[in-house]
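Q: dropping the sequence and predicted coords here.
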Amino acid sequence: MNQNSSVPAITRRRALYFAAVAPAGVALAACGSSGGDDPSAALATTSTASQTPDCVFTPEEIEGPFYANVNLMRRDITDNKAGAPLELQLRVVDADTCSPIVDATVDIWHADADGVYSAFPGQGDSASIDTSGESFLRGVQATDVDGLTTFASIYPGWYRGRTTHVHVKVHFDDNTRVTSQLYFPDQVTAVAYATASYSARGPKDTSNENDDFSAANPALRMTVTESGGSFVAVHTLGIRR
């Protein structure tokens, strides 16, 4: 697994500053909650905050080929990209005590509706798309007093051989504590991909169970709800200090 030992561009001092100015997120899930792939659970609209906390260390997964340390401290990462609105709520807790971790920095990146990442050449089915110099769908936030961050984004698209996912790193005290990936319930993804920005590309070619990384770590599947064409994805990330 690929895990960096240091974060040169994101310091604790900067995390403290951005924690003071960043909007607070809203907790919708308890520690370790996961939507799984049950259709009724996937499209439920009720909060899971009352569930008993189950704190676990977030499993490591590969960084992948599209990480870029752009260090953009921001809540809205869409950069006007078309797609179904997605609110991504990530809570960072101590994996041993479940207590919120304040001033951790959460770094996320994912593909656009066409399955393309910013900042890299040679993408798309034809390997001809070059997004060098762009930074869409990337961002970093510091956790608030409840350990929460909230990102405004779009539902990620898919590319060949992978299920729908978001990449994440959690940095604390100038060290990367976990590098991983988060997944969406297949039934919810089918709803998102039936909308205008995704329908031309069609259904993804790889399910959660057929994706090597998702299949290995089903606990990394988020709780996702949908209302009026907008989606909310919730997950708790457990790290050790």
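A: Sure, I can see it.
Q: ends of stretch 156-170, how far apart?
A: Stretch 156-170 has its terminal residues 20 Å apart, counting by Cα to Cα, to the nearest Å.
Q: pLDDT averaged over that stretch, what's the number?
A: On average, the pLDDT along stretch 156-170 is 97.
Q: so which bits of it are buried?
A: For stretch 156-170, a neighbour-count test (16 or more other Cβ atoms under 10 Å) marks 156-159, 162-170 as buried. Where C-beta positions appear, they are placed from N, C-alpha and C, glycine not excepted.
Q: got the CA coordinates for stretch 139-149 in CSV?
A: What follows is stretch 139-149, C-alpha atoms only, in CSV (Å, rounded to 0.1, in the frame of the first residue of the first chain):
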residue,chain,number,x,y,z
GLY,A,139,-9.7,19.8,-2.5
VAL,A,140,-8.5,19.8,1.1
GLN,A,141,-10.3,20.8,4.3
ALA,A,142,-9.5,20.8,8.0
THR,A,143,-11.8,19.0,10.4
ASP,A,144,-13.9,21.1,12.8
VAL,A,145,-14.5,20.5,16.5
ASP,A,146,-16.7,17.5,15.6
GLY,A,147,-14.1,16.0,13.4
LEU,A,148,-16.2,16.9,10.3
THR,A,149,-15.5,18.1,6.8
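Q: so where do the strands sit in this protein?
A: 85-94, 105-109, 138-142, 148-154, 165-172, 175-183, 223-227, 230-239 (DSSP state E).
Q: thinking again about what came up before, out of the buried residues of stretch 156-170, the closest to Val145 would be?
A: Using Cβ to Cβ, Val170 is the member of those that lies nearest Val145, at 16.7 Å.
Q: contacts only, for the closest one.
A: Thr58, Val92, Ala104, Thr105, Val106, Asp107, Thr176, Arg177, Val178, Leu237, Ile239 (Cβ atoms under 8 Å, 6 or more residues apart in numbering).
Q: do the same with Leu220
A: Taking Cβ under 8 Å, 6+ apart, we find Leu220 in contact with Ser34, Thr58, Pro59, Glu61, Ser180, Gln181, Leu182, Tyr183, Ser214, His235.
Q: of the residues you listed, the lowest pLDDT goes to which?
A: Lowest in pLDDT among the contacts of Leu220 is Ser34, which has 38.
Q: any weak-confidence spans in the protein?
A: Scanning the chain for pLDDT under 70 picks out the ranges 1-54.
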